[in-house]
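# Attaching a predicted model along with its sequence, questions to come.
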Amino acid sequence: MAQIEVLSEVSKFLEGSPKMTIGGKPTEAGSGKTFTVIDPSTAQVITEVPRAEMGDVDAAVASARAAFDDKRWSGLRPGKRTEVLYKLGELIKRNINELSQLESLDSGKPIKIASGEMWMAGEVFRYFSGWPTKMFGETNPTTDDQFVYTLREPVGVCGGIIPWNFPLIMAAWKIAPALAFGNTIVLKPAEQTPLTAMRLAELALEAGVPEGVINVVTGFGEEAGQALAQHHDVDKIAFTGSTEVGRKILHASEGNLKRVTLELGGKSPNIVFPDADMKRAAKGSMFGIFLNSGQICTAGSRILVERSIHDEFIESLVAATASMRLGPGMDDETGMGPVVSEQQMKRVTGYIDIGRSEGAEVVSGGNRAEELGDGYFVEPTIFAGVRNDMRIAQEEIFGPVAAVIPVDDVDHAIEVANNTIYGLAATVWTNDLSKAHRVARGVKAGTVWINSTGQYDPSTSFGGYKQSGFGRELGVHSMEAYTELKSVWVSL
Ligand code: ADP
């Protein structure tokens, strides 16, 4: 064990009862209510944050509206907006130790991994800082007596509702493009993990983002989240979370027909062919499902293995899993932390029971790791003998549970891969180029990884097919989600 010491600035932040940021000011809930924030590694309360209700969301939206309407952000010279967003990326990196500790304490994720994520969040701001100067329109090929051109304009006030699995990265995915394209935003982090988003709002002010452009409200999904999704003065909602809540967001948003992008659940196939580099495939498949304790929407939770190598591959997968150390987030030797909450732990162990009762065989893990104390630790669990119609192969568990399913050949692998309501991502391990590309074309998924898994880059758009959602985030395609297109006709 190599427990990390908590930095004094982190203790100070937690002891100060963090506040929301509305109109650039530290703000408590109008009701004065708060809720507790728990460290999943210890099950201990680490701080309390404001519990926003409808009135608080109204105030945050009014602040974002005022900031949008008076153009204090979109009216700045594009190069100035670039400078501010770039600086925010730098400030994230400069405060990486503090932010990583907050993230680790809040979510349970291993400190080393948290640190990498903070860096990636900074990169998202750096990437999007390039966009304000590149919001080009077009001239259109109409007749000689017409001059037609298009303008790209910001959508307006955006609402960002984000989950607890990658708190700061998700905040960056919502805030950076919204601002790059001239919008203002109200962000509601998940109630389990509000801290780094709250700190980000402070850093944004330090970077020079004008007051009211980024507002962060903390609260529960059915209260603050719902209020934001149904708000008539919010022009766009960007949501990342479960498919079930995504449906609710869609219903809530119908009142004013706001723009909606949904990045939802997954049950992503991870396909292993006999011609793959077995060691690499086993290690990669292991990280594909167990990284972040399996709490990743793109987790390769269905491992499809060609029958001829099935037993041998399971052996390698179990061995790779055994090398990963389960432990508290703030220990720098930890490879996998706890799951985020007691509720999530119960959900995951419940699914492990379901898998057993469906007749699948546990070949690794299968229990809560009680020896690690009160924290919400679940052993990395591998099921063999899974059929694709079992619940553990069809339903998103969002925890460290892998279902290994034998397949016959490429066509069968594609068929099984697509036999799901989801379509977020897929991974294929093979050294046969044509096989790899056949799978890439055959699977219905927004992202396909060949001989790697879990890769992201701010330049590369991300989103789902089918019930994994719609719209694309990151990259050039995020412009569609955060702008309106206006056609202007001039008669000559
Ligand atoms: P998970 O299932 O991974 O916990 P959820 O989809 O429940 O994720 O939550 C993701 C985000 O959606 C969180 O910020 C949560 O507060 C919010 N949320 C949950 N329910 C609602 C709702 N009915 N309306 C709006 N937001 C919600």
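Now that the structure is in, tell me what you want to look at. Numbering: from 1, shown residues only.
# who are the neighbours in contact with the residue in the stretch 351-492 of the chain that the ligand sits nearest to?
Closest residue of the stretch 351-492 of the chain to the ligand, CB to the nearest ligand atom: Phe398 (6.0 Å). No exception for glycine: its C-beta is placed from N, CA and C like everyone else's. Taking CB atoms under 8 Å, 6 or more residues apart in numbering, we find Phe398 in contact with 165, 242, 265, 294-295, 299, 344, 347-348.
# cutoff 6 Å now
The contact partners of Phe398, taken as CB atoms under 6 Å, 6 or more residues apart in numbering, are Gln295.
# and Glu206, how many neighbours?
Using other CB atoms under 10 Å, Glu206 has 11 other residues around it.
# and what of Gly350?
Residues near Gly350, counting by other CB under 10 Å: 12.
# next one: Gly130
Neighbours of Gly130 (other CB under 10 Å): 14.
# Next: Ala66.
Neighbours of Ala66 using other CB under 10 Å come to 15.
# shift numbering so it begins at 486
New numbering, starting at 486: the last item is Ala551.
# What's the separation between the residue lying closest to it once chain neighbours are set aside and Arg562?
Nearest residue to Ala551, sequence neighbours excluded (CB to CB, 6 or more residues apart in numbering): Gly697, at 5.9 Å. Counting by CB to CB, to the nearest Å, the separation of Gly697 from Arg562 is 19 Å.
# Looking at these two, which is more packed in?
Taking neighbours as other CB under 10 Å, Gly697 and Arg562 compare with Gly697 leading, 23 against 10.
# residues contacting the more buried one?
Counted by CB under 6 Å, 6+ apart, Gly697 has contacts 508-509, 548, 551-552.
# Run through this structure and note the low-pLDDT ranges.
Applying pLDDT under 70 to the chain picks out residues 486.
# switch the cut-off to 50
Along the chain, the model assigns pLDDT under 50 to no residue.
# The one residue sitting closest to the centre of it: what secondary structure?
The chain has Met655 as the residue nearest its centroid, 4.7 Å off, counting by CA atoms, centre = their mean. Secondary structure, DSSP: H, G, I helix; E, B strand; the rest coil: Met655 is helix.
# And for Phe520?
Phe520 is classified as strand under three-state DSSP.
# next one: the one 10 residues further on
Per three-state DSSP, the local secondary structure of Val530 is strand.
# do you know how far it is from the ligand?
19 Å (CB to the nearest ligand atom, to the nearest Å).
# neighbours of that residue, just the number please.
10.
# Show me what it bridges to in the sheet.
Ile523 (DSSP bridges).
# pretty sure it is touching Thr521, no?
Yes: counting by CB atoms under 6 Å, Val530 touches Thr521, with 4.6 Å between them.
# What ranges does the stretch 536-685 of the chain have for its strands?
Ranges of strands in the stretch 536-685 of the chain, per DSSP state E, counting those that start in this stretch, are 624-625, 631-639, 642-646, 669-673.
# Would you format the ones you listed as JSON lines with mean neighbour count and distance to Val825 included?
Formatted as JSON lines, these follow (neighbours: other CB atoms under 10 Å; distance: least, CB to CB, whole Å):
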{"stretch": "strand 624-625", "mean neighbour count": "11", "distance to Val825": "49"}
{"stretch": "strand 631-639", "mean neighbour count": "15", "distance to Val825": "33"}
{"stretch": "strand 642-646", "mean neighbour count": "28", "distance to Val825": "16"}
{"stretch": "strand 669-673", "mean neighbour count": "29", "distance to Val825": "17"}
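# Centre of the chain to stretch 503-516, how far?
Distance of stretch 503-516 from the chain centroid (CA atoms, centre = their mean, to the nearest Å) equals 24 Å.
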